[in-house]
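> No sequence on hand, only this structure:
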């Protein structure tokens, strides 16, 4: 190739047939542009000596932003060579670069080393790792792959999922955690009460024999389910494999822990719950990560527990809302365990007294087998369930309208001769909603238009949003001054029952104070759903399920399923019918969930719900994502997203604005802003493509700093 200049310093002419100097320069630039960028030499601007082998570390930086959802290369100084292993926590400078003609180092952020390499694809100068926080490898390859799968499923950032999966570091716990030692498998347990289920003993034998059976288990009412779940875990341990069980709360985890300890003794499993404290929980998690313990019983965060040689993943009561993590990207424990069962080819057990539509779909598609008892066993263990029928209305004309009709009073009176009585109330507090006694118009705060509520017997009503008292309230519609209750809470119910039965102790259990157990003697136990304590001995003599309309009238796709689940969980604590156990449900007796409770047929109710969802194209038959934000931003994201060809966009529709003075609802618009929500629906098989398209579009918006915050949620629970 000739030069641009001639021998005498004058511009020369290229030989005939060759391009001119300008054309040559254009060709050179095009060749350079198409050439693969040279690999960076592992060097730093500080001139530090680097590791002799694999001097490049790929780091997952703790920045939960989808447009930064990738690994970044850093140089490994020689002094950190031994400790900078894959999986350890490090501190790195993030955002380093040239600014104003000088190099700046950026801020220090946490991260995890995921790989050591000999070269880097980054063409610039690599920054060095600033610090190795701990030599403990806490992010292993299998856990990293699981976190990536969860992030992709929910259109989230890998760093956010890792933050949920790996607990915060506690230095003292790392010294106290036991070293890796393969535990000796316990002997296989007997079938115990699994004999009540025709396929129960066979399921345990399959687990003990090293197989990976998958089942949806509809547990019989009564106190035996913790012991049955513990036997499934013990059978898996007997095969030399690990086991994991996720429970909705610490009380149920404690019951399974006690049952498992009685079966296999101490030291073979750990409990991962928030009740243990941060340091104890991290020490137990490290014992699992090192392989010293291969069985975990825990709450929601335990779904990521790094159990070695996993043989069984189990979840109890998957319909409980506590199984959905409130932090981005809001994964559900059931879906995470399903991913683990498929990826690690282990057994799966989903148990509950009821059955969700997701569980019904697993059975209908054949992915899991039903594990149920026959009708004779159900009738022998279930209590008698009664509703207000025509006969009761003939004797008591106000039976259907009264909150506590004669049937309920008589049931409580008779049951208190036998033992404690459970009263389930959907709302906590005293009188959480008030209305005008003359025109029945809901009572509103004069300052912020929030709902007024009564907090005590003689206390003036207060606003549920801003907290202001309204002692001189006047109805804006009719000018009335008197208030009446629209909804009654647990404390008001306990007060009324205490006056009706003055010689009987009344206990309450709710969010502020949850009871674990109550003695086996006459008492009234008023509880909100999910906080029902276990009655010692034979169980409750009776249960009242009040205000069923409050559960069934929720504007939610899962209202009927959720009402039946809460009723079944409470009724399962009551004695069998043969021992006098009775349940009275205050709801319209012709409704489908009420009839499913009377017949104790949660599987049939779930099948019908699933069939209706299939006709309407609702989840779980379809996959759905919610895109929420300002109207312009939502429209921009949907227009730029490369959605699957079979995607259907529903909406957008406006969301209710946040009233002045009211705290912002999670996921809702800030005060004074108008937001919209669009739903994107795809058929089965296109869920991964939908999540990927929305994540890519969201990343592009963040990278160019587009105006307006847009929130993307895959498989939202709050579909009205």
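Perfect, I can see it now. Keep in mind the model is a prediction, meaning the values are calculated, not measured.

> residues of the longest strand along the chain that come out buried?
When the chain is parsed with DSSP state E, its longest strand is strand 107-117. For strand 107-117, the neighbour count (16 or more other CB atoms under 10 Å) marks 109-116 as buried. In this view, the C-beta of every residue, glycine as well, is placed from N, C-alpha and C.

> TSV for those residues, including distance to residue 71?
Below are these laid out as TSV (distance: CB to CB, whole Å):
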residue	distance to residue 71
109	14
110	15
111	9
112	10
113	10
114	6
115	8
116	12
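
> picking that back up, check which element follows the longest strand of the chain along the chain.
Under the assignment DSSP states H and E, the closest C-terminal helix or strand after strand 107-117 is strand 129-134.

> and the helix or strand immediately after that next one in the chain, how far from the chain's centre?
Using DSSP H and E, the helix or strand that follows strand 129-134 in sequence is helix 141-153. Offset of helix 141-153 from its chain centre (CA atoms, centre = their mean, to the nearest Å): 16 Å.

> which helices and strands does helix 141-153 pack with?
helix 158-165, helix 333-344, helix 687-703 (3 or more CB pairs under 8 Å, 6 or more residues apart in numbering; DSSP states H and E).

> and with 10 Å instead?
strand 56-61, strand 107-117, helix 158-165, helix 333-344, helix 687-703 (3 or more CB pairs under 10 Å, 6 or more residues apart in numbering; DSSP states H and E).

> what lines up beside the shortest one in the sheet?
Same thing as strand 56-61. Here strand 56-61 has these sheet partners by DSSP bridges: strand 72-75 (antiparallel), strand 107-117 (antiparallel).

> Redo those strands as CSV? Include distance to residue 637.
Putting the strands paired with strand 56-61 into CSV (distance: least, CB to CB, whole Å) gives the following:
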stretch, distance to residue 637
strand 72-75, 26
strand 107-117, 27
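
> mind putting these in TSV, mean pLDDT and distance to residue 421 included?
Putting these into TSV (pLDDT from 0 to 100; distance: least, CB to CB, whole Å) gives the following:
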stretch	mean pLDDT	distance to residue 421
strand 72-75	92	61
strand 107-117	93	53
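
> Residue 124 is nearest to which of the ones you listed?
With CB to CB as the criterion, residue 124 lies closest to strand 72-75 of these, at 9.7 Å.

> Buried residues, the closest one. List them.
So strand 72-75, judged by 16+ other CB under 10 Å, has buried residues 72-75.

> nearest to residue 709, of those?
When the buried residues of strand 72-75 are compared against residue 709 (criterion: CB to CB), the nearest one is residue 72, at 25.0 Å.

> I figured the closest one was touching residue 126, is that so?
Yes: using CB atoms under 10 Å, residue 72 is in contact with residue 126, at 9.4 Å.

> intersection of neighbour lists for these two?
The contact sets of residue 72 and residue 126 overlap at 57, 120 (CB atoms under 10 Å, 6 or more residues apart in numbering).

> Quick one: end-to-end length of stretch 114-129, please.
Length of stretch 114-129, first residue to last, CA to CA, to the nearest Å: 13 Å.

> With residue 354 as the reference, measure out to the closest residue to residue 539 other than its chain neighbours.
In space, not counting the residues next to it along the chain, residue 539 is nearest to residue 575; the distance is 4.6 Å by CB to CB, 6 or more residues apart in numbering. Residue 575 is 19 Å from residue 354, where distance means CB to CB, to the nearest Å.

> And for residue 76?
Counting by CB to CB, the gap from residue 76 to residue 354 is 53 Å.

> and residue 497, what does it touch?
404, 409, 412, 421, 423, 504, 506, 524, 526, 544.

> Report the secondary structure state of the first one.
Secondary structure assignment for residue 404 (DSSP: H, G, I helix; E, B strand; the rest coil): coil.

> Specify which member of the buried residues of strand 72-75 is nearest to residue 622.
residue 72 (36.8 Å).

> low-confidence ranges in this structure?
1-48, 96-106, 389-403, 428-433, 440, 455-458, 484-489, 657-672, 720 (pLDDT under 70).

> Can you give me the domain boundaries for it?
Per automatic domain parsing, the domain ranges recorded for the chain read 1-35, 56-144, 192-378, 391-605, 623-714.

> Out of those domains, indicate the one that is most buried.
domain 192-378 (a mean of 21; mean count of other CB atoms under 10 Å).

> how far does that domain stretch from start to finish?
17 Å.

> Kindly report the same for stretch 679-687.
13 Å.

> Stretch 61-80 too?
18 Å.

> ok, the strand or helix carrying residue 297: who's next to it in the sheet?
Applying DSSP H and E as the criterion places residue 297 in strand 295-298. Take DSSP bridges as the rule and strand 295-298 pairs in its sheet with strand 242-246 (parallel), strand 270-272 (parallel).
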